[in-house]
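Undergrad: got a predicted model here, sequence first, then my questions.
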Amino acid sequence: MQFQLTEEQQMMQKLVREFAEKEVLPGAAERDEKEEFSRDIANAMGEMGFTGICFPEKYGGAESDVLSYALAVEELSRVDAGVGITLSATVSLCAWPIFAYGTEDQKNKYLTPLAEGVKLGGFGLTEPNAGTDAASQQTVAVLKDDHYVINGSKIFITNAGEAEIYVVFAMTDKAKGVKGISAFILEKGMPGFAFGKKEHKMGIHSSATAELIFQNVQVPKENLLGKEGDGFKIAMSTLDGGRIGVAAQALGIAQSALEHSIKYSKERVQFGKPIASNQGIGFMLADMATKVDAARLLVYRAAYLKDQGLPYSKEAAMAKLYASDAAMAVATDAVQIFGGYGYSREYPVERLMRDAKITQIYEGTNQVQRIVISAAVLR
Amino acid sequence: MKIVVCIKQVPDTTEVKIDPVTNTLIRQGVPSIVNPFDKNAVEAALQLKEKYDGKVTVISMGPPQAKEALKECLAMGADEAILISDRAFGGSDTLATSYTLASAIKKMGRVDLIICGKQAIDGDTAQVGPEIAEHLDVGQVTCISKIDIDGSIVRVEREHEEGYEIIETQLPLVITVLKSMNEPRYPTVKGTMKANRKEIPVWTANDMDVDPEQLGLKGSPTQVRRIFTPKQRVQGLIIQADTAREAAAVLVKTLSEAKIV
């Protein structure tokens, strides 16, 4: 059993870290404060090749692996979790289902610009009344001649308004329930496809989150992803992979909180000595470090399994569940170690605590992860 | 145009920590990086290649792990890399190092331009570049911040404490470059993948036409008696900011960028 990244993975980690520290970190606090999405950073990530890491060269990718992609999300999230999810939403939620289920034409037309980093991607599944219960979709798609007419709306969509390409789910046959859901590829600018209000969130302020609105959007028949009725299967398998992205994002947040806490506790002097020399703080740091390491092993294992072509659904759910809980716990402890300063926006740990919370919620709440895991162990 | 860039793998001085008990440097676990000035040299070579076409070869004399540094240069876009490595090179001072590097360059046949960083951040001698030029018996200009090539004429700007000189010279030439020369590009994901697949040949003493007496410890007349900073009158940098806090932030940033802290 190997516990070391390959040379290639180490090089990827190093290059993303350098980019993250020099290009993403400097404006992170300001983007959080202003709730600002940076297209410049998204474009720069595209030029660096981050969106193409795990896709074949013939579709504009670098043909590296999922673990390298997870490392990229982790390193970006270590400095700005909003930027991490911008990448993850494009790669895991939009490019991946097109790669896995798309026709050759769809891949050439939509996967290539995503992998080359010239376009951003989004994923529209969640609706006001269809969150975890994805089967109660209200958005409908009706086949008329050579196109589908889509009506409805989606909420909480990452990269909404910023992305040029979206994988969107709609009911093609309501009577069939989950088997009546189909997936479509939509482009920004299609008549009737609009974006609603920007969401004001607790954290991940540097990521764009908004509504998708469809009013008689005519989508060409060839933009159906997979077959009619494949939508639920596509959505669920996409989220299996997406969980690796969210888990890597959570890991980056946790790592950052740990690093800040170690540094601060060595510098902060009370009663004439650094607070790190108090066992009460030392033990907290020990627990935090252990959680971060355990999360890392779970995340890397899930990515490794996906790279090997082995089943990874349960392991991705475990990684997401554990890493997000670890991020929340470690970030909360970081605020505690920083004391009053931790609660202040002058220091980065309160942002980490706000950013961490979403990782327990999106791409399947941690309760859903437990359903996935328990179903797998009871099978 | 055939360009050779000489690089060195050095410890990242920004990551060096001091042992609080002994007050000495903790060398263990310090990551290795491409000497920052050498990255400017690679960037300069890549820009010249993009402008005038040609081939960029990166070379380094060092232990086997220096391949890592060469790979990073390949990932930035260099065409090929060669590691000059042999136990016989161990203990080289700048004279033996420059002799070895010059011998490797001679083996490559016609080379138009040799680019080095101004100095390495570990030894700080700034001697290897100029000495390579002497061994090869070609022209040299040090501390360059700008270069233009027009046919056979090379125009460079050489910076020093009082200002800069514009010098016209010709190829073949050795130059050493400053940080102000350019902003080194990041290696890309695709560049990294390509770099990883590339073979990096290793040249030993046997692969080059060298005099064994001039290699390694034997070929190194330098004896270090004492290390000190010579007195030097340099104009200071005055940081102007609205508050002391902002000024301090600029100061820390400047010092860490210069790899001083």
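TA: Sure, I can see it. Numbers count the residues shown, from 1 in each chain, chains lettered A, B, ... in the order given.
Undergrad: list the contacts of stretch B:248-257.
TA: If you take C-beta atoms under 8 Å, 6 or more residues apart in numbering or on different chains as the criterion, stretch B:248-257 is touched by B:14, B:237, B:239, B:241, B:261. C-betas here are computed from N, CA, C, even on glycine.
Undergrad: so how far is chain A from the fourth one?
TA: Plainly put, residue B:241 is 17 Å away from chain A if you go by C-beta to the nearest C-beta, to the nearest Å.
Undergrad: number of nearby residues for residue B:152?
TA: 8 (other C-beta atoms under 10 Å in any protein chain shown).
Undergrad: would you confirm that residue B:219 contacts residue B:98?
TA: No. Distance between residue B:219 and residue B:98: 10.2 Å, which falls outside the contact criterion (C-beta atoms under 8 Å).
Undergrad: quick one: which of those two has more around it?
TA: residue B:98 (24 against 21).
Undergrad: before we move on, the earlier item: what do residue B:219 and residue B:98 both touch?
TA: Joint contacts of residue B:219 and residue B:98 (C-beta under 8 Å, 6+ apart) do not exist.
Undergrad: for the residue in the stretch 201-350 of chain A that chain B sits nearest to, what are its contacts?
TA: In the stretch 201-350 of chain A, no residue comes nearer to chain B than residue A:266, which is 10.1 Å away by C-beta to the nearest C-beta. By C-beta under 8 Å, 6+ apart, residue A:266 lies in contact with A:274, A:276.
Undergrad: how far away is it from residue A:259?
TA: Between residue A:266 and residue A:259 the computed distance is 11 Å (C-beta to C-beta, to the nearest Å).
Undergrad: what residues are bridge-paired with residue B:156?
TA: residue B:147, residue B:167 (DSSP bridges).
Undergrad: residues near it, how many?
TA: 22.
Undergrad: list the contacts of it.
TA: Taking C-beta under 8 Å, 6+ apart as the criterion, residue B:156 is in contact with B:141, B:144, B:146-148, B:166-167, B:169, B:175.
Undergrad: can you redo these as TSV with pLDDT and neighbour count?
TA: TSV is the format used below for the contacts of residue B:156 (pLDDT from 0 to 100; neighbours: other C-beta atoms under 10 Å in any protein chain shown):
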residue	pLDDT	neighbour count
B:141	94	21
B:144	93	23
B:146	93	17
B:147	94	20
B:148	92	13
B:166	94	10
B:167	94	13
B:169	94	14
B:175	94	25
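Undergrad: now do the SS call for residue B:69.
TA: Following DSSP: H, G, I helix; E, B strand; the rest coil, residue B:69 is assigned to helix.
Undergrad: tell me how far the residue lying closest to it once chain neighbours are set aside lies from chain A.
TA: Spatial nearest neighbour of residue B:69, chain neighbours left out: residue B:9 (3.9 Å); criterion: C-beta to C-beta, 6 or more residues apart in numbering or on different chains. Separation of residue B:9 from chain A (C-beta to the nearest C-beta) stands at 14 Å.
Undergrad: got the contact list for residue B:9?
TA: Here residue B:9 is in contact with B:32-35, B:60, B:62, B:65-66, B:68-69 (criterion: C-beta under 8 Å, 6+ apart).
Undergrad: quick one, what contacts residue A:13?
TA: Going by C-beta under 8 Å, 6+ apart, residue A:13 touches A:5, A:68, A:71, A:75.
Undergrad: can you tell me which of those are in helices?
TA: A:68, A:71, A:75 (DSSP state H).
Undergrad: and which of the residues you listed is nearest to residue B:56?
TA: residue A:68 (25.8 Å; C-beta to C-beta).
Undergrad: give me the neighbour count for the closest residue to chain B within the stretch 51-200 of chain A.
TA: Closest to chain B within the stretch 51-200 of chain A is residue A:62: 4.5 Å, counting by C-beta to the nearest C-beta. Neighbour count of residue A:62, defined by other C-beta under 10 Å: 25.
Undergrad: ok, now which ones touch it?
TA: A:49, A:52-53, A:55, B:189-190, B:192-193.
Undergrad: which residue is the nearest non-sequential neighbour of residue B:195?
TA: residue B:74 (3.6 Å).
Undergrad: again with residue A:183
TA: Going by C-beta to C-beta, 6+ apart, residue A:183 has residue A:225 as its nearest residue, at 4.0 Å.
Undergrad: count of residues packed around that neighbour?
TA: 22.
Undergrad: that one reaches residue A:99, doesn't it?
TA: No. Contact criterion C-beta under 8 Å: residue A:225 and residue A:99 do not qualify, at 10.8 Å.
Undergrad: tell me where the longest helix sits in the chain.
TA: No chain specified, so I'll use chain A. helix A:231-267.
Undergrad: oops, I was thinking of chain B
TA: Determined from DSSP H, the single longest helix within chain B is helix B:36-52.
Undergrad: so residue A:318, which of the three states?
TA: Taking three-state DSSP, the label given to residue A:318 is helix.
Undergrad: what does chain A put close to chain B?
TA: Contact residues (C-beta under 8 Å from any C-beta of the partner chain) of chain A with chain B: A:7-8, A:11-12, A:15, A:18-19, A:47-50, A:52-53, A:62-64, A:68.
Undergrad: could you pull out the strands for the stretch 1-150 of chain B?
TA: Assigned by DSSP state E, counting those that start in this stretch, the strands in the stretch 1-150 of chain B fall at B:2-6, B:9-11, B:17-18, B:25-26, B:32-34, B:55-61, B:80-84, B:113-117, B:139-150.
Undergrad: and the ones you listed as a markdown table, adding distance to residue A:203?
TA: Formatted as a markdown table, the strands of the stretch 1-150 of chain B follow (distance: least, C-beta to C-beta, whole Å):
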| stretch | distance to residue A:203 |
| --- | --- |
| strand B:2-6 | 44 |
| strand B:9-11 | 37 |
| strand B:17-18 | 32 |
| strand B:25-26 | 36 |
| strand B:32-34 | 33 |
| strand B:55-61 | 43 |
| strand B:80-84 | 43 |
| strand B:113-117 | 42 |
| strand B:139-150 | 44 |
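Undergrad: tell me the most buried of the ones you listed?
TA: strand B:113-117 (a mean of 28; mean count of other C-beta atoms under 10 Å in any protein chain shown).
Undergrad: what's the average pLDDT for that one?
TA: Averaging pLDDT along strand B:113-117 yields 95.
Undergrad: now swap in stretch A:93-108 and tell me
TA: Here the average pLDDT along stretch A:93-108 is 98.
Undergrad: can I get it as PDB, trimmed to CA atoms?
TA: Coordinates of each C-alpha in stretch A:93-108 appear next as PDB, following Å, rounded to 0.1, in the frame of the first residue of the first chain:
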ATOM      1  CA  LEU A  93     -20.900  18.700 -12.200                       C
ATOM      2  CA  CYS A  94     -20.900  19.900 -15.800                       C
ATOM      3  CA  ALA A  95     -17.900  18.600 -17.700                       C
ATOM      4  CA  TRP A  96     -17.900  15.100 -16.100                       C
ATOM      5  CA  PRO A  97     -21.600  14.100 -17.000                       C
ATOM      6  CA  ILE A  98     -21.000  15.300 -20.600                       C
ATOM      7  CA  PHE A  99     -17.800  13.200 -20.700                       C
ATOM      8  CA  ALA A 100     -19.500  10.200 -19.200                       C
ATOM      9  CA  TYR A 101     -22.800  10.300 -21.000                       C
ATOM     10  CA  GLY A 102     -22.400  12.600 -24.000                       C
ATOM     11  CA  THR A 103     -22.300  11.700 -27.600                       C
ATOM     12  CA  GLU A 104     -19.100  12.400 -29.600                       C
ATOM     13  CA  ASP A 105     -20.600  15.600 -31.000                       C
ATOM     14  CA  GLN A 106     -21.700  16.700 -27.500                       C
ATOM     15  CA  LYS A 107     -18.200  16.100 -26.200                       C
ATOM     16  CA  ASN A 108     -16.500  18.000 -29.000                       C
END
